[in-house]
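Peer 1: Generate a structure from the sequence data that follows.
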Amino acid sequence: MRALLVWVLVLGAGVASAWAQGDPAGVPWSQLSPGEQQLLQRFSDTWDQLPPRKQQRLRNGAQQWGTMTPEERQEAKQRFKQWRTLPPEQQQQLRERYQQFRQLPPEQRESVRDARRWFRSLPPEQRKELREKFKSMSPEERRAYRRELRRQYGVNGGGQAPGGPSAQ
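Peer 2: Okay, the predicted model is just below:
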């Protein structure tokens, strides 16, 4: 579940930055690339009625999908499937955490991403061990543990460290 959170945060940060640069007037269906039209076919009849922000969000998602490898696409499908099975309360909690992430200064967002990359580079057994260890700690112990991991492995600080909640 926490790995899903981080993935949503990282993916959302990229989508949000592209979204912010979008055309506020919306995009006519005819101006979408053939690939975008194919991926967004189910919206073709109602595209012009969609709010411009939703059009841009869907378009950015289609563009991102087009750049993914087959493995990345499979992973994205799996994560979306997981997302749909989450209770609405957990989905809302993830949305709120994503908003918090977006409000971090760029250096801290990059630090979270660095910690995530570091954590994902570990073997699955070690990730599981770190998760379990982290869950059993008090908030003070977690802070100290994050500092120690940053010192040991050179992962940037910024509030989120390897083995922490958003690194899972």
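Peer 1: quick one, domains of the protein?
Peer 2: Listed by automatic domain parsing, the domain ranges of the chain are 1-103, 105-168.
Peer 1: possible to save the ones you listed as JSON lines with mean neighbour count and mean pLDDT?
Peer 2: Every residue, glycine included, has its C-beta placed from N, CA and C. Shown next, in JSON lines, are those (neighbours: other CB atoms under 10 Å; pLDDT from 0 to 100):
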{"stretch": "domain 1-103", "mean neighbour count": "14", "mean pLDDT": "81"}
{"stretch": "domain 105-168", "mean neighbour count": "16", "mean pLDDT": "78"}
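Peer 1: packing partners for the helix or strand residue 148 falls within?
Peer 2: Assigned by DSSP states H and E, residue 148 belongs to helix 139-153. Helix 139-153 is packed against helix 124-135, with contacts defined by 3 or more CB pairs under 8 Å, 6 or more residues apart in numbering; DSSP states H and E.
Peer 1: got the angle between the helix it packs on and helix 139-153?
Peer 2: Between the axes of helix 124-135 and helix 139-153, defined by axes from the mean of the first three to the mean of the last three CA atoms, to 10 degrees, the angle is 140 degrees.
Peer 1: Show me how far helix 124-135 is from its chain's centre.
Peer 2: 21 Å (CA atoms, centre = their mean, to the nearest Å).
Peer 1: now stretch 35-53
Peer 2: 23 Å.
Peer 1: would you put the C-alpha positions of that stretch in PDB?
Peer 2: The C-alpha trace of stretch 35-53 is given here as PDB (Å, rounded to 0.1, in the frame of the first residue of the first chain):
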ATOM      1  CA  GLY A  35      -2.100   7.600 -30.400                       C
ATOM      2  CA  GLU A  36      -3.900   9.900 -27.900                       C
ATOM      3  CA  GLN A  37      -7.200   9.400 -29.700                       C
ATOM      4  CA  GLN A  38      -6.800   5.700 -29.600                       C
ATOM      5  CA  LEU A  39      -6.000   5.600 -25.900                       C
ATOM      6  CA  LEU A  40      -8.800   8.100 -25.100                       C
ATOM      7  CA  GLN A  41     -11.400   6.600 -27.500                       C
ATOM      8  CA  ARG A  42     -13.900   6.100 -24.700                       C
ATOM      9  CA  PHE A  43     -14.000   9.900 -24.200                       C
ATOM     10  CA  SER A  44     -14.400  10.800 -27.900                       C
ATOM     11  CA  ASP A  45     -18.200  11.400 -27.700                       C
ATOM     12  CA  THR A  46     -18.000  13.600 -24.700                       C
ATOM     13  CA  TRP A  47     -14.500  15.100 -25.100                       C
ATOM     14  CA  ASP A  48     -15.800  18.600 -25.900                       C
ATOM     15  CA  GLN A  49     -17.900  18.700 -22.800                       C
ATOM     16  CA  LEU A  50     -15.100  17.800 -20.400                       C
ATOM     17  CA  PRO A  51     -13.600  20.600 -18.400                       C
ATOM     18  CA  PRO A  52     -10.200  21.700 -19.900                       C
ATOM     19  CA  ARG A  53      -8.300  20.600 -16.800                       C
END
